[in-house]
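What shape does this take:
(chains A and B)
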There are 2 protein chains.
Amino acid sequence: MASFISLEAIKSIIEHLNPVEAMEKAFRLYSTEPGRVVVPPVGELIFDDPPGDVHIKYGFVRGNDFYIIKIASGFYGNPKFGLPSSDGLMLLFNQRTGVLESVLLDRGYLTNVRTAAAGAVAAKYLAPAVVKTVGILGAGTQARMQLEFLARVRSFDRALVWGLNREELEKYRHDMSRPGLEIELTLDAEEICRRADLIVTCTPSTRPLLKKSWIRAGIHITAVGSDTPEKQELEAGILEKASRVVVDSRFQARTRGECHHALQAGLIREDRLIELGEVVAEPSRGRVADDDITVADLTGVAIQDIFIAEAVYGAWKAGHLTAAGA
Amino acid sequence: MASFISLEAIKSIIEHLNPVEAMEKAFRLYSTEPGRVVVPPVGELIFDDPPGDVHIKYGFVRGNDFYIIKIASGFYGNPKFGLPSSDGLMLLFNQRTGVLESVLLDRGYLTNVRTAAAGAVAAKYLAPAVVKTVGILGAGTQARMQLEFLARVRSFDRALVWGLNREELEKYRHDMSRPGLEIELTLDAEEICRRADLIVTCTPSTRPLLKKSWIRAGIHITAVGSDTPEKQELEAGILEKASRVVVDSRFQARTRGECHHALQAGLIREDRLIELGEVVAEPSRGRVADDDITVADLTGVAIQDIFIAEAVYGAWKAGHLTAAGA
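Just a heads-up that it's a prediction; the model follows:
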């Protein structure tokens, strides 16, 4: 009988895991041993009214126990109904029989975790060594989790947060302020570029929020909001201006995220794109100089879901066995 | 909280539904109102060792309540471990919020039901009016269900069943014989073509089992086994020889099932393919003469999963409400 694991159980398991390390391993395997990883193109459903999108990411690592199917949705009008905009679940099936082994009823939490952890991996290898101010675009769940996970790879004492809604921003400051971390708010995205050394964009915007002319030398930007062909947070020229453009998946970058806009516009060439897993394997492919402008464009790859699901289920099973044996 | 509906509950609900009628409606909508139906290309995982395939079929009908994701697997070595080769489940999510509404833990049963019901729809519109002998290739679950569902649309008193394994065939005869229905067995596929008026092929074969030269005038063949690019049950020339070639989905027929072999070989042209939903809407597009040779090539379309999942969940919810009100 398959096990159904609740969000509460998953959250308590995640506290004892290291998702940043798991994502480093995931990206490294994906980029350096492609023959072991089977990750087909993302399945997608787009809804117009109310607006929403659903992504089905799935695949497996050859020789492991499971194949994974992850469903994640974003319905951006949900907060009006008192629901979070993102939702989802992960399914683990036996790779040798197809039998359902477990359903992780994570309500999209693990997608948020692995996305935030990927942002931390990007920052670890690409952000300036010294970060004083982190800039965040967006004030939703991912905007919070990115800030939390960045603290695992860089020390900083200030975050400058941009959003469209003053009330939402105030709530972000209220929730995220802690001793040693001051949260400042702004409605002016240019101010983020003037003041932050490390910027993470986490919005569902379909129009560029940051302009090429605003980008200073030495800055690092991770764009995590855009995961469909339509969404876009960065002016395409920013990618042209960057010293290094890193993507989670070169294959997905052709059709999703920030890069595909720049590729279509002829502003960058595909052979300039470096995969994050290649940077993990060989850090010199990341930031080499203080005044490098680096961009990481993360559209989210099923290998992340595979690693996080296997880690959570492995820990759950181990805990379960321990509890049963006690 | 999402509801998890067990295989037992699903089986007892199906007894009170009419899957053949549901599939007629599904195909008709799919072929005649394509703007209302969103059915992206099938997601697929292929495993080599042990051999298996997983299909993710998903989509929604605009304006309905749910979007559906169906996972179905075939691991053909499973019987060695005492497991059925097919497995799977269906997920219903709210089309306006993305919230998971229900998991139908059907272990692949609903895929078997909707596939068998589709076979009955094909036979209803395409088989000769008078069928004395049904021919079945294969002796597994689908070979049983096809025979059961065919009895809803044609009267016949004999089934001739072909398979590779004498023991499996004997078991089929033991299980499926009933008063008024004699089951005969054969290891010679040509005999099926000599004696049966209506043939259904339900194997995972990757080599043609029926040859063009064996096909008599007046025969109808429904091929349901082939759902990947590799599988093939009919010699491609059979499609060339047929008076009418009907498919569930013209789009899928380009890359899966029997037709794509014949299309690739240049033996038929895509504009010859008629969709089953077009035949349901306009029966004169099906069999018109007693000596027509007709072929239905069914690769399985998500619209079938959408209709069967919505019907089962609707009935479950209604029963639940009645029980709660009683």
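
Could you check how far residue A:319 is from residue A:305?
Using Cβ to Cβ, to the nearest Å, residue A:319 is found at 21 Å from residue A:305. In this view, the C-beta of every residue, glycine as well, is placed from N, C-alpha and C.

more crowded one of the two?
residue A:305 (26 against 14; other Cβ atoms under 10 Å in any protein chain shown).

tell me the mean pLDDT for stretch A:51-64?
Stretch A:51-64 carries an average pLDDT of 96.

what are the ranges of the helices in the stretch 201-326 of chain A?
For the stretch 201-326 of chain A, the helices defined by DSSP state H, counting those that start in this stretch occupy A:236-241, A:250-253, A:257-264, A:276-281, A:302-325.

Then the stretch 1-150 of chain A?
Under DSSP H, counting those that start in this stretch, the stretch 1-150 of chain A gives helices at A:7-14, A:19-32, A:109-126, A:141-150.

Just name the most buried of the ones you listed.
Among the helices of the stretch 1-150 of chain A, judged by mean count of other Cβ atoms under 10 Å in any protein chain shown, the one packed with the most neighbours on average is helix A:109-126 (a mean of 26).

Determine the angle, from 0 to 180 degrees, between that one and helix A:19-32.
In terms of direction (axes from the mean of the first three to the mean of the last three Cα atoms, to 10 degrees), helix A:109-126 departs from helix A:19-32 by 70 degrees.

centre of the chain versus helix A:109-126, how much separation?
Remark: helix A:109-126 is offset 5 Å from the chain centroid, using Cα atoms, centre = their mean, to the nearest Å.

and that helix, C-alpha only, in PDB?
Extracted in PDB, the C-alpha atoms of helix A:109-126 (Å, rounded to 0.1, in the frame of the first residue of the first chain):
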ATOM      1  CA  TYR A 109       6.000  23.300  -0.600                       C
ATOM      2  CA  LEU A 110       8.800  21.000  -2.000                       C
ATOM      3  CA  THR A 111       8.700  22.900  -5.300                       C
ATOM      4  CA  ASN A 112       9.200  26.100  -3.300                       C
ATOM      5  CA  VAL A 113      12.100  24.500  -1.300                       C
ATOM      6  CA  ARG A 114      13.900  23.100  -4.300                       C
ATOM      7  CA  THR A 115      13.500  26.400  -6.100                       C
ATOM      8  CA  ALA A 116      14.800  28.400  -3.200                       C
ATOM      9  CA  ALA A 117      17.700  25.900  -2.700                       C
ATOM     10  CA  ALA A 118      18.600  26.200  -6.400                       C
ATOM     11  CA  GLY A 119      18.700  30.000  -5.900                       C
ATOM     12  CA  ALA A 120      21.200  29.400  -3.100                       C
ATOM     13  CA  VAL A 121      23.300  27.200  -5.300                       C
ATOM     14  CA  ALA A 122      23.400  29.900  -7.900                       C
ATOM     15  CA  ALA A 123      24.300  32.500  -5.400                       C
ATOM     16  CA  LYS A 124      27.000  30.300  -3.800                       C
ATOM     17  CA  TYR A 125      28.900  30.000  -7.100                       C
ATOM     18  CA  LEU A 126      27.900  33.200  -8.800                       C
END
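
Can it be said to contact chain B?
No: applying Cβ under 8 Å from any Cβ of the partner chain, one finds helix A:109-126 out of contact with chain B, separated by at least 11.9 Å.

What of stretch A:224-237?
No: against chain B, stretch A:224-237 shows no contacts by Cβ under 8 Å from any Cβ, the least distance being 13.3 Å.

tell me how far that stretch is from the chain's mean position?
Distance of stretch A:224-237 from its chain centroid, counting by Cα atoms, centre = their mean, is 13 Å.

cool, stretch A:203-217 as well?
Relative to its parent chain, stretch A:203-217 has a centroid offset of 18 Å by Cα atoms, centre = their mean.

Could you do stretch A:9-26 as well?
Stretch A:9-26 sits 14 Å away from the centroid of its parent chain (Cα atoms, centre = their mean).
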